[in-house]
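Trainee: Quick one, structure for this:
(one chain, ligands or ions: 2)
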Amino acid sequence: MSGGPIEARVSRVPRVLSIAGSDPSGGAGIQADLKSIAANGGYGMAATTALTVQNTQGVRGVHVPPASFLREQLDALSDDIAIDAVKIGMLATTEVVGVVRSWLEQVRPPLVVLDPVMVATSGDRLLDAEAELALRELVRLCDLVTPNIPELAIIAAEPVVETWPEVLAQAARVSAAYGVRVLAKGGHLSGAEAPDALVDARSGNVPVVTEFAGIRIDTSNTHGTGCSLSSALATRIAATGEWAAAVAESKRWLSESIRAGAALQVGRRHGPINHFAGMWQRGGVVTAPTPAEVREHWWAEIASIRAQIDGGDFVRALGDGSLKRGDFVWYLAQDALYLRDYARALAEAARLAPTTAEQAFWASSAEGCIVTELQLHESWATEGEVFAASPSATTTGYLNHLLATAARGDYAVLAAALLPCFWVYHDVGSRLHPLAHAEHPYADWLTTYADQAFTDATERAITIVTALAADATPPVRDAMLTAFRTSTEHEREFFAAAFGVAAE
Ligand SMILES: Nc1ncnc2c1ncn2[C@@H]1O[C@H](COP(=O)(O)OP(=O)(O)O)[C@@H](O)[C@H]1O
Ligand SMILES: Cc1ncc(COP(=O)(O)OP(=O)(O)O)c(N)n1
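Mentor: Ligands and ions are numbered 1, 2, ... in the order given. All right, here's what the predicted structure looks like:
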């Protein structure tokens, strides 16, 4: 198989097939392989060669179904699915080795990794003694073989070696003799180190040896380490084509998983590793809401603030027309002052936006604030009334919140802080504009709330922010909601501050 198209990267999730035995305790065999493939970013499949009866204490029995049944499993997969990589584990008998061999020759998967499983940690045989010769021949069809120290010696047809330099030398002889890369594993050495090495002597020249240092972890949770490592390698090499990086990353993942194994409290002897420990620790079990769920949740979160805005004196008096003109003009002046700095926060969102579409949206909203909104205000109050005003404490508080959020530089949080000025304002307006009638003193103002362009902009802002929140990590999503809620509180205070300021 070596020299084939295995150097090519797979630009999607690699489809990795494990051909191996079943370990009902879940620590080794196909169960470990499937966990390992998933934990390392692949889509796992499994064709079962043998059923074992085993737990963390040892293997109590092995049942090998007819080899023809394995061939049916393999054919069913390759008839339907493009397989990016194959990992081979326990093969049990000569007949099973033969079936796998003929299938490999026919299907020629791009990457084949062989973990030459012969004897379990417990000492129980997982490959018939007479099948060793057949297995050695299978090595020639593989791209990578991952023997432990005793397995390496059997493939080399040499005595078992004891020191790491001897292991490397034996691995180089195997690589040259079989035309295969060898991952020499130091798990069976004694001492504080647990090194591995990628050995490539296929060219017949000086072997290329890439070593991966490792610290031996003091644990009895090493059941299935060989299965797990070989599956991780098949997955990562298929994904990137980077052999050394794949080994380094797989080993780093394996160490983390070995370390976390004991905490699983599975079994009394050689317990399993925890394949997903790192993923779980880094948030792997956390689910994410959809944008629609964020929209519903956030809207409900500010329900009581919205009720306070609707029930507030300013909105009520604006709606029924009883609002004093002085209060209204004061409100417009504060709104104009607010919009000038709100436009600056919108411009900062445009600067931070990751896509040109979002950049354009925030930039055009900023422009809309400065030009359209200020013109609108000037038509309602004299320029002097608007520009003579200075920002109230309430206006300053709202703007400080927005500008400080902008200065912190988190685009998603800033976008969330900007949203209530669209969403809450539009919502209040949707109840105010139907109240306009011919005699209403603020009828022209109320009808501006029905502006379709503002409705469209509000919907777009909600779409952007809820998508950002759905994609965000939980802490960022929380920070977004806090910023959103705070802005809504400022909206409430902004309306409230404008009531009762006029002298008469
Ligand atoms: N106690 C341990 N601490 C750290 N790494 C280990 C430990 N035991 C095994 N490993 C690693 O697990 C992988 C498989 O180990 P090994 O025992 O050599 O093979 P197998 O499981 O096939 O017998 C190797 O990368 C090895 O370095
Ligand atoms: C069904 C099955 N396959 C393989 C093994 C051996 O697994 P390995 O990863 O070599 O780990 P150890 O258990 O030998 O440490 C197995 N036990 N069962």
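Trainee: quick one, strands of the stretch 201-350 of the chain?
Mentor: With strands called from DSSP state E, counting those that start in this stretch, the stretch 201-350 of the chain shows them at 208-212.
Trainee: what does it have sitting close to ligand 2?
Mentor: Taking C-beta under 6 Å from any ligand atom as the criterion, the neighbours of ligand 2 within the stretch 201-350 of the chain are 222, 223, 224, 225, 226, 227. Just so you know, the C-beta spots here come from the backbone N, C-alpha and C atoms, and that holds for glycine as well.
Trainee: Flag every residue of the stretch 151-300 of the chain that's near ligand 1.
Mentor: 185-188, 194, 196, 214, 216-217, 219, 222, 225-226, 229, 251, 254-255, 258.
Trainee: what would the residues of the stretch 201-350 of the chain next to ligand 2 look like in JSON lines with distance to residue 110, neighbour count and pLDDT?
Mentor: Written out in JSON lines, the entries for these read as follows (distance: C-beta to C-beta, whole Å; neighbours: other C-beta atoms under 10 Å; pLDDT from 0 to 100):
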{"residue": "222", "distance to residue 110": "30", "neighbour count": "20", "pLDDT": "96"}
{"residue": "223", "distance to residue 110": "30", "neighbour count": "29", "pLDDT": "96"}
{"residue": "224", "distance to residue 110": "25", "neighbour count": "31", "pLDDT": "97"}
{"residue": "225", "distance to residue 110": "26", "neighbour count": "25", "pLDDT": "97"}
{"residue": "226", "distance to residue 110": "23", "neighbour count": "25", "pLDDT": "97"}
{"residue": "227", "distance to residue 110": "21", "neighbour count": "29", "pLDDT": "98"}
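Trainee: Which of those sits closest to ligand 1?
Mentor: When these are ranked by distance to ligand 1 (C-beta to the nearest ligand atom), residue 226 comes first, at 2.2 Å.
Trainee: Enumerate every residue touching the residue lying closest to the closest one once chain neighbours are set aside.
Mentor: By the measure of C-beta to C-beta, 6 or more residues apart in numbering, the closest residue to residue 226 outside its immediate chain neighbours is residue 115, 5.4 Å from it. With C-beta atoms under 8 Å, 6 or more residues apart in numbering as the criterion, the residues that contact residue 115 are 87, 88, 89, 145, 146, 147, 226, 227, 229, 230.
Trainee: quick one on the thing from earlier: by neighbour count, sort out the buried ones in the residues of the stretch 151-300 of the chain next to ligand 1.
Mentor: In these, burial by neighbour count holds for 185-187, 194, 196, 214, 216-217, 222, 225-226, 229, 251, 254-255, 258, counting by 16 or more other C-beta atoms under 10 Å.
Trainee: Give the lowest-confidence helix or strand of the protein, using mean pLDDT as the measure.
Mentor: Using mean pLDDT, DSSP states H and E, the weakest-scoring helix or strand in the chain turns out to be helix 383-388, at a mean of 62.
Trainee: Would you mind identifying the next helix or strand past that helix?
Mentor: Beyond helix 383-388 on the C-terminal side, the first helix or strand identified by DSSP states H and E is helix 393-408.
Trainee: Counting by contacts, list what that next one packs against.
Mentor: Other elements packing on helix 393-408 under the criterion 3 or more C-beta pairs under 8 Å, 6 or more residues apart in numbering; DSSP states H and E are helix 325-352, helix 411-432, helix 474-497.
Trainee: Report the inter-axis angle for that helix versus helix 325-352.
Mentor: Angular relation of helix 393-408 and helix 325-352 on a 0 to 180 degree scale: 0 degrees, by axes from the mean of the first three to the mean of the last three C-alpha atoms, to 10 degrees.
Trainee: one step back: please identify which of the residues of the stretch 201-350 of the chain next to ligand 2 is nearest to residue 23.
Mentor: Using C-beta to C-beta, residue 224 comes nearest to residue 23 of those, at 7.0 Å.
Trainee: contacting residues for the closest residue to residue 70 other than its chain neighbours?
Mentor: For residue 70, ignoring the flanking residues on the chain, the nearest one in space by C-beta to C-beta, 6+ apart is residue 99 at 5.2 Å. Residues in contact with residue 99 (C-beta under 8 Å, 6+ apart) are 67, 68, 70, 71, 74.
Trainee: Retrieve the pLDDT associated with the fourth one.
Mentor: The predicted local distance difference test score for residue 71 is 98.
Trainee: what stretches of the stretch 1-150 of the chain score poorly on pLDDT?
Mentor: Judged by pLDDT under 70, the stretch 1-150 of the chain has its weakly predicted residues at 1-9.
Trainee: which parts of it sit against ligand 2?
Mentor: Neighbours of ligand 2 within the stretch 1-150 of the chain, by C-beta under 6 Å from any ligand atom: 20-23, 28-29, 52, 89-90, 117, 120-121, 126.
Trainee: Among these, which lie within helices?
Mentor: residue 29 (DSSP state H).
Trainee: Max pairwise distance over the residues of the stretch 1-150 of the chain next to ligand 2: which two?
Mentor: Those two in these that are separated most widely, counting by C-beta to C-beta, are 22 and 121, at 16.9 Å.
Trainee: What is the burial count for residue 307?
Mentor: If you count neighbours by other C-beta atoms under 10 Å, residue 307 ends up with 11.
Trainee: Contact partners for it?
Mentor: Taking C-beta under 8 Å, 6+ apart, one finds nothing in contact with residue 307.
Trainee: And it, how far from ligand 1?
Mentor: According to C-beta to the nearest ligand atom, to the nearest Å, residue 307 and ligand 1 sit 60 Å apart.
Trainee: Show the pLDDT at the nearest residue to residue 56 once chain neighbours are set aside.
Mentor: Sequence neighbours aside, residue 267 is the residue nearest to residue 56 in space, at 2.8 Å (criterion: C-beta to C-beta, 6+ apart). At residue 267, the pLDDT value in this model is 97.
Trainee: so residue 267 makes contact with residue 25?
Mentor: Yes. Distance between residue 267 and residue 25: 6.5 Å, which falls inside the contact criterion (C-beta atoms under 8 Å).
Trainee: In terms of neighbours, single out the busier of these two.
Mentor: The residue with the greater number of neighbours, taking residue 267 and residue 25 and applying other C-beta under 10 Å, is residue 25; the counts read 22 against 17.
Trainee: Assign the more buried one to helix, strand or coil.
Mentor: The three-state assignment at residue 25 reads coil, by DSSP: H, G, I helix; E, B strand; the rest coil.
Trainee: which residues does it contact?
Mentor: Residues counted as contacts of residue 25 (C-beta under 8 Å, 6+ apart) are 31, 54, 55, 56, 223, 266, 267, 272.
Trainee: so which of those residues is the most crowded?
Mentor: Counting by other C-beta under 10 Å, residue 223 has the largest number of neighbours within the contacts of residue 25, with 29 neighbours.
Trainee: measure it to residue 91 for me?
Mentor: The span separating residue 223 from residue 91 equals 19 Å under the rule C-beta to C-beta, to the nearest Å.
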